[in-house]
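Q: Any chance you can model this:
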Amino acid sequence: MEKFLAQYMPPDYSAHGHELDRLNAIVHWLMLILFVAWGAYFLFVLFRFSAKRNGKASYGGMKSHFSTYAEAGVAIIEVILLVGFSIPLWSRWTTKPGAEQNPIELKLVAEQFAWNIHYPGKDGVFGRADASFVTSTNPLGLDPNDPKGKDDIATLNHLHLEVNRPVIIHLTSKDVIHSFFLPVMRVKQDAIPGQDVAIHFTPIRTTNGDKWEIACAQLCGLGHYRMRGQFEVQTKEEFAKWLASNAPENPSTPAPNPVPAASPATPAEAQPGGGPAHT
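A: Numbering: from 1, shown residues only. From the prediction side, this is the model:
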């Protein structure tokens with residue numbers, strides 16, 4: 001079943017993806033069994049209780065307690081699945097990688113209709129951000145006077161990651177609910193205004209010239225169709241080079257515009273899969 005479904009799904013290039021694909025196959029097997037079982041039962045009932053075989057209606061109904069026992073059995077199975085299966089998986093998914101795994105930690109702020117990505121600089125500390133600082137060239141609202149943010153890196157619609165290194169992404173939104181979706185990483189999570197939702201995963205293959213898409217899987221407005229971005233997975237050396245090339249030239253000096261931008265275009269005016277930021 002897993003191989004059959006894989007023909008109709010995007011490739012998997014994440015460390016956890018095979019587990020999700022296996023779970024997807026198990027669910028499909030269960031649904032197939034239920035479909036066949038209930039279909040067979042439906043045909044049996046049509047035959048067994050047809051008018052030809054039962055000329056006179058019976059208003060007494062079933063006298064045994066079979067249905068009660070069946071309902072109790074279903075409840076027990078659901079409890080087992082919840083306690084022994086769902087909750088452990090949920091706990092594993094919500095437990096972020098520890099510092100010993102050296103994860104990349106970044107912030108991603110969604111808005112109509114763009115993905116704003118915020119990397120900490122060499123100090124590993126995110127600069128202060130506030131809505132009062134938001135402009136067309138500073139969509140993250142970074143405080144230009146905060147020394148911790150002088151070395152931060154911001155991009156628009158372009159995400160860069162390192163292969164075989166865990167990444168933690170803090171998702172939020174500036175306006176409506178968006179859904180951050182990376183098909184080849186088996187990652188999909190809502191970005192909700194006012195909430196910081198952390199997700200984590202580990203890429204296991206570099207992009208190798210392919211174009212991998214950041215998609216919004218939640219209808220978020222009239223421009224939803226063009227809320228697209230690109231992400232690239234690089235080797236350790238390539239990622240370090242990218243960080244160095246996109247770092248502020250003189251982080252010790254306050255800059256009026258801490259967000260790299262090639263034009264004053266607002267995120268809503270940016271083209272799909274690109275934007276006025278460093279790539």
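Q: so where's the stretch 51-200 of the chain uncertain?
A: Applying pLDDT under 70 to the stretch 51-200 of the chain flags residues 61-62.
Q: what's the distance between Ala75 and Phe113?
A: The gap separating Ala75 from Phe113 is 45 Å, by C-beta to C-beta, to the nearest Å. Glycine gets a C-beta too; all of them are placed from N, C-alpha and C.
Q: Same check on Phe239?
A: Applying C-beta to C-beta to Phe239 and Phe113 gives a distance of 27 Å.
Q: can you count the residues close to Asp130?
A: 11 (other C-beta atoms under 10 Å).
Q: Could you chop this structure up by domain?
A: Annotated domains of the chain cover 1-54, 62-95, 100-269 [automatic domain parsing].
Q: Tell me which of the ones you listed sits most buried.
A: Stretch with highest mean neighbour count among those: domain 100-269 (a mean of 17; mean count of other C-beta atoms under 10 Å).
Q: can you give me the strands in the protein?
A: For the chain, the strands defined by DSSP state E occupy 104-111, 114-119, 153-156, 158-162, 167-173, 178-182, 187-191, 197-201, 212-216, 229-234.
Q: out of these, nearest to Val125?
A: Of all the strands of the chain, it is strand 104-111 that lies closest to Val125, at 10.2 Å by C-beta to C-beta.
Q: show me where this protein has helices.
A: Here the chain has its helices, by DSSP state H, at 2-6, 17-48, 66-81, 87-94, 236-246.
Q: quick one on the thing from earlier: turn the strands of the chain into TSV, including distance to Tyr41.
A: As requested, these are exported to TSV (distance: least, C-beta to C-beta, whole Å):
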stretch	distance to Tyr41
strand 104-111	46
strand 114-119	48
strand 153-156	55
strand 158-162	49
strand 167-173	44
strand 178-182	38
strand 187-191	35
strand 197-201	41
strand 212-216	40
strand 229-234	48
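Q: Gly55 is nearest to which of those strands?
A: Evaluated over these, closeness to Gly55 peaks at strand 187-191, with 55.7 Å, by C-beta to C-beta.
Q: For the closest one, name the packing helices and strands.
A: Contacts defined by 3 or more C-beta pairs under 8 Å, 6 or more residues apart in numbering; DSSP states H and E place strand 187-191 against strand 104-111, strand 167-173, strand 178-182, strand 197-201.
Q: Please state the offset of the third one from the chain centre?
A: For strand 178-182, the separation from the chain centroid amounts to 5 Å (computed by C-alpha atoms, centre = their mean, to the nearest Å).
Q: neighbouring strands for it, and are they parallel or not?
A: Neighbouring strands of strand 178-182 in its sheet, by DSSP bridges, are strand 187-191 (antiparallel), strand 212-216 (antiparallel).
Q: Quick one: residues contacting the residue most central in space within the chain.
A: Centroid-nearest residue in the chain: Lys188, 2.3 Å away (criterion: C-alpha atoms, centre = their mean). Lys188 sits next to 179-182, 217 when contact means C-beta atoms under 8 Å, 6 or more residues apart in numbering.
Q: Would you point out the most distant pair within those residues?
A: Pairwise over these, using C-beta to C-beta, the maximum falls at Ser179 and Leu182, 10.9 Å.
Q: Adding distance to Glu105, write the helices of the chain out as CSV.
A: Formatted as CSV, the helices of the chain follow (distance: least, C-beta to C-beta, whole Å):
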stretch, distance to Glu105
helix 2-6, 31
helix 17-48, 21
helix 66-81, 33
helix 87-94, 16
helix 236-246, 13
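Q: Compare those helices and give me the one nearest Gln195.
A: helix 87-94 (13.9 Å).
Q: Run the angle between that closest one and helix 17-48 for me.
A: 150 degrees (axes from the mean of the first three to the mean of the last three C-alpha atoms, to 10 degrees).
Q: just the angle between helix 87-94 and strand 197-201, please?
A: Helix 87-94 and strand 197-201 are oriented at 90 degrees to each other (the same axes, to 10 degrees).
Q: Only alpha carbons, please: show helix 87-94 as CSV.
A: Output of helix 87-94 as CSV, limited to C-alpha atoms (Å, rounded to 0.1, in the frame of the first residue of the first chain):
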residue,chain,number,x,y,z
ILE,A,87,-0.7,10.7,22.3
PRO,A,88,2.8,9.2,22.1
LEU,A,89,3.1,10.3,18.5
TRP,A,90,1.8,13.8,19.4
SER,A,91,4.3,14.0,22.2
ARG,A,92,7.1,13.1,19.9
TRP,A,93,6.1,15.6,17.3
THR,A,94,5.8,18.5,19.8
